[in-house]
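Novice: what follows is a predicted protein model with its sequence.
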Amino acid sequence: MKISTRFTIAVHTLLVIHILGKENKATSEFIASSVNVNPVVIRRTLQDLKKAGLVTVTAGSGGAKLAKKPKEITLYDIYYAVESVDGELFNFHENPNPECPVGKNIHNLLDGHLAEAQMAMENSLKAVTLKNLVSDYKELG
């Protein structure tokens, strides 16, 4: 299982807006040149981020700006905005055989562990803000 590239593209997009957008207009073309993707991908990403209240976008070539302070935006906020994960992160195979001793107990065996894993990942993402990443970026020089 892999989380799609939408998440890392969105994080990259927000960092470009915050770090480089002060001296450059953060248009989809400008951001796309940093992410090295088609500007259409960035426009879709910006739509998701705007819908989540993380950015504002000025029509035309006005560019994008953060709608919140970097300390108020967590990796979880970004993940939730672009990954469209509702409910459980792990997909469970359908129709385990209820006549099989393993099949009839598989949910009882795994559901709690999978919920814990998802909660741990989400809590880890909630602990990191865009401000943390900006600080790390500055340390990289």
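Specialist: Sure, I can see it.

Novice: where does the chain have low pLDDT?
Specialist: Within the chain, the segments meeting pLDDT under 70 span 1-2, 84-86.

Novice: make it 90
Specialist: 1-4, 22, 59-62, 83-95, 141 (pLDDT under 90).

Novice: strands of that one, start to end?
Specialist: For the chain, the strands defined by DSSP state E cover 55-58, 63-66.

Novice: pick the most deeply packed of these.
Specialist: strand 63-66 (a mean of 20; mean count of other CB atoms under 10 Å). All C-beta atoms are positioned from the backbone trio N, CA, C, and that covers glycine.

Novice: who are the packing partners of that one?
Specialist: helix 28-35, helix 39-51, strand 55-58 (3 or more CB pairs under 8 Å, 6 or more residues apart in numbering; DSSP states H and E).

Novice: dump the strands of the chain to JSON lines, plus distance to residue 44.
Specialist: Below are the strands of the chain laid out as JSON lines (distance: least, CB to CB, whole Å):
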{"stretch": "strand 55-58", "distance to residue 44": "12"}
{"stretch": "strand 63-66", "distance to residue 44": "13"}
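
Novice: please, where are all the helices along this protein?
Specialist: Remark: helices assigned in the chain by DSSP state H are 6-15, 28-35, 39-51, 75-83, 106-126, 130-140.

Novice: distance from the fourth one to the middle of the chain?
Specialist: Read that as helix 75-83. With CA atoms, centre = their mean, to the nearest Å as the basis, helix 75-83 stands 3 Å off its chain's centre.

Novice: contacts for that helix next, please.
Specialist: Helix 75-83 has contacts (CB atoms under 8 Å, 6 or more residues apart in numbering) with 3-4, 6-7, 9-11, 14, 45, 48-49, 51-52, 54, 85, 122, 125-126, 128-130.

Novice: buried among those? Need that as a selection in PyMOL.
Specialist: Buried residues among those (16 or more other CB atoms under 10 Å), as a PyMOL selection:
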select buried, resi 6+7+9+10+11+14+45+48+49+52+54+122+125+128+129+130
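
Novice: how far away is the closest residue to residue 71 other than its chain neighbours from residue 35?
Specialist: Excluding the flanking residues, the one nearest residue 71 by CB to CB, 6 or more residues apart in numbering is residue 131, at 4.1 Å. Note on residue 131: its distance to residue 35, by CB to CB, to the nearest Å, is 21 Å.
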